[in-house]
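A.B. asks: quick one: sequence and predicted model below, then my questions.
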Amino acid sequence: MNLKEFKTQRGEVILYTGNPCLEKLELLSNGVGDIWHSSFEQGYKNIFPEIVYQTATFFWFVKDFDGLDQCISWRLNPNQFAVRKSVWETLNGFDKEYFNPVMQALDFGLNAVRGQGAIPLYIKGLFQDYKDDKPKISVNDRYVFFRKNFKQEHSIFMIYRKGFWKISEWKAFFYAKKNFKKATKKNIVNHRELIEIQGQPEVSYIIPTMMRQSFTLNLLDDLSNQTFPPKQVVVVDATPVDQRDESLYINKVYPFELIIKWQETKGSCRARNEAIELCSGDYIVFGDDDIRVPENYIENHIRFLQTYNADACNGLDIRADNQSQDLNDLKQKLQKLGDNRYMVGAAQFLNNANNCVKKEFVDKLVGNDINFDGGYGEDKDFGLSLTKIGVVVLQNPFSTNLHLKPPVGGYRFWGSQAKIVGKKRKTQPWEMGVPVKRITPRPSPTAMYYFYKHFGLDLVKEFKHKYFFLFLFKGSKLKLPIRFLQLPYRLMQFEKSLFYAKRLVELGKRTK
């Protein structure tokens, strides 16, 4: 490929093909992106929709976003894109095993964002509008792409969705299987060196807690020892009156403003929203009550975001072996990970145990969607909602925490009732006047709501096909007859979950 070179004012070399606006490229080189294109106007928006056969609703970037001037998109035009030279060389450029340059570009973009720590961005107007016929992708191209990137079961699933009776699909499947192999481990883009904190940013830290006051106190001690302390810490405590000790929070002086709010509502989403209203910092760090954090935790969140000129990041959440472990155990776990931990790139999810977001974007979303209370998926929803307004959520390997995961307490106490049936069951918020009776919805109605809310009915249907395909055919072949017998009930469970999810979609996002 004949790539031209552009040297930025900082001396970095950007490679490009086509006709980009170099002034805009100069500005972009100072931001989060590594690869830039304007492919939406060039016939590439939502090209290769068959990616859904591998990921269904479990990949934020399965569909391109609408109405944004800048957003993550791996669907780049091979004739009009720009890339940092260092990134191009690290990723070894396009894969020449593909005969079709369109597939070379799609393979490059997808692998960059999914596992190599590079960030491909659609930028409106970076390249002059370049009208082209919709790029052609053959049946062979599809199966070669799947063969090189995914497990074989996904190719078989694609045959099922395209039609088992189609000879052309089987021919392409065996062609790819015979002539190509799954790609080996690929290079990862090096992280940037963190700069020192610029200016005097103020940080608010939010802790929602329930029946875990001792864990919260340990976290407050960790926050007291920060090299860059928060301005304020807001604790929203839902511990029942008969189990709480209100004096615990006032027996010690902290180097930050400590705000205690006793929660009278129910749900972790409501708790976070009540805390957000009390926050005054430039950044908000969201954390669980059962984590321990090292002294550079907050400092590294701010240094990381300022280094990348980013607005949100997801920290590195390390699971403890037991609830008695401490920061010394965290050090040992990080040492075992070694350099493998240092991959940045676009986050594939958001974890409420450890993330940092500029408050202006938290305010733009008006907080968390309380339709998730009593269930699962609120953190993924919050992260994807940020992404859909143009925020690039980065993975931050420098701000780490040890997640203790004690077996008791926490907001999951309410959600755990969802598995109970009969008179002992406590009503869940998502039931909304229609209580669960004999058929327990599965998957979780709030997870289904997340799928429906963000990806629409078409992708929910694809998820359904994938869900039952894996249910039937993944696992012991000897138990296959049993799974076929279980299928009618599992179908009823799925439809029950979808019933509640549709009601939540009709209700719309709520924050109070």
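C.D. replies: Cool, the structure landed.
A.B. asks: buried residues in stretch 381-396?
C.D. replies: By neighbour count on 16 or more other CB atoms under 10 Å, the buried set for stretch 381-396 is 381-388, 390-396. Just so you know, the C-beta spots here come from the backbone N, C-alpha and C atoms, and that holds for glycine as well.
A.B. asks: now do stretch 121-131
C.D. replies: Quick answer for stretch 121-131 (16+ other CB under 10 Å): 121-123, 126-127.
A.B. asks: what of stretch 34-44?
C.D. replies: Buried residues in stretch 34-44, defined by neighbour count with 16+ other CB under 10 Å: 34-42, 44.
A.B. asks: ok, back up a step: of the buried residues of stretch 121-131, which belong to strands?
C.D. replies: 121-123 (DSSP state E).
A.B. asks: which member of these is positioned nearest Pro488?
C.D. replies: The shortest approach to Pro488 among these belongs to Tyr122, at 44.1 Å (CB to CB).
A.B. asks: what about the closest residue to the closest one other than its chain neighbours, neighbour count?
C.D. replies: Nearest non-adjacent residue to Tyr122, counting by CB to CB, 6 or more residues apart in numbering: Ser73, 4.1 Å away. The local packing of Ser73 (other CB atoms under 10 Å) involves 25 other residues.
A.B. asks: state the distance from Ser73 to Ile14.
C.D. replies: As judged by CB to CB, to the nearest Å, Ser73 and Ile14 stand 18 Å apart.
A.B. asks: surely Cys389 is in a strand?
C.D. replies: To be clear, residue 389 is Ile; Cys isn't right here. No: under DSSP: H, G, I helix; E, B strand; the rest coil, Ile389 sits outside any strand and is assigned coil.
A.B. asks: which residues sit in contact with it?
C.D. replies: Residues counted as contacts of Ile389 (CB atoms under 8 Å, 6 or more residues apart in numbering) are 68, 361, 364-365.
A.B. asks: mind running it again at 7 Å?
C.D. replies: Shown in contact with Ile389 (CB atoms under 7 Å, 6 or more residues apart in numbering): Lys364.
A.B. asks: chain center to the strand ranked longest in the chain, what's the gap?
C.D. replies: The longest strand of the chain (DSSP E) is strand 393-403. Computed by CA atoms, centre = their mean, to the nearest Å, the chain-centroid distance of strand 393-403 equals 13 Å.
A.B. asks: packing partners of that strand?
C.D. replies: strand 291-292, helix 297-308, strand 312-319, helix 327-337, helix 378-387 (3 or more CB pairs under 7 Å, 6 or more residues apart in numbering; DSSP states H and E).
A.B. asks: which residues does that strand contact?
C.D. replies: With CB under 7 Å, 6+ apart, strand 393-403 has contacts from 32, 194, 290-294, 297, 300-301, 304, 308, 310, 312-320, 325, 327, 329-330, 334, 341-347, 350, 353-354, 383, 386-387.
A.B. asks: which parts of this structure belong to which domain?
C.D. replies: 4-136, 203-403, 420-507 (automatic domain parsing).
A.B. asks: part of a strand, is Thr57?
C.D. replies: No: per three-state DSSP, Thr57 lies outside any strand segment and is coil.
A.B. asks: list the residues that contact it.
C.D. replies: Thr57 neighbours (CB under 7 Å, 6+ apart): 451, 455, 459, 463.
A.B. asks: could you dump those residues to JSON lines with secondary structure and pLDDT?
C.D. replies: Shown next, in JSON lines, are the contacts of Thr57 (DSSP: H, G, I helix; E, B strand; the rest coil; pLDDT from 0 to 100):
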{"residue": "Phe451", "secondary structure": "helix", "pLDDT": "95"}
{"residue": "Phe455", "secondary structure": "helix", "pLDDT": "95"}
{"residue": "Leu459", "secondary structure": "helix", "pLDDT": "94"}
{"residue": "Phe463", "secondary structure": "helix", "pLDDT": "95"}
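A.B. asks: mind listing what's buried in stretch 55-68?
C.D. replies: 55-57, 59-65, 68.
A.B. asks: repeat for stretch 452-467
C.D. replies: Buried residues in stretch 452-467 (16+ other CB under 10 Å): 452-455, 459-460, 462-464, 466-467.
A.B. asks: which among those residues gets closest to Lys178?
C.D. replies: Among the buried residues of stretch 452-467, and counting by CB to CB, the member closest to Lys178 is Lys466, at 26.0 Å.
A.B. asks: what's the closest non-adjacent residue to that closest one?
C.D. replies: Ala56 (4.6 Å).
A.B. asks: ok, the one you found to Ile35 distance?
C.D. replies: Ala56 is 25 Å from Ile35, by CB to CB.
A.B. asks: what do you get for Phe81?
C.D. replies: For Phe81 relative to Ile35 (CB to CB), the value is 6 Å.
A.B. asks: repeat that for Leu334.
C.D. replies: 30 Å.
A.B. asks: part of a helix, is Met230?
C.D. replies: One thing to correct before we go on: residue 230 is Pro, not Met. No: Pro230 is assigned coil when assessed by three-state DSSP, not a helix.
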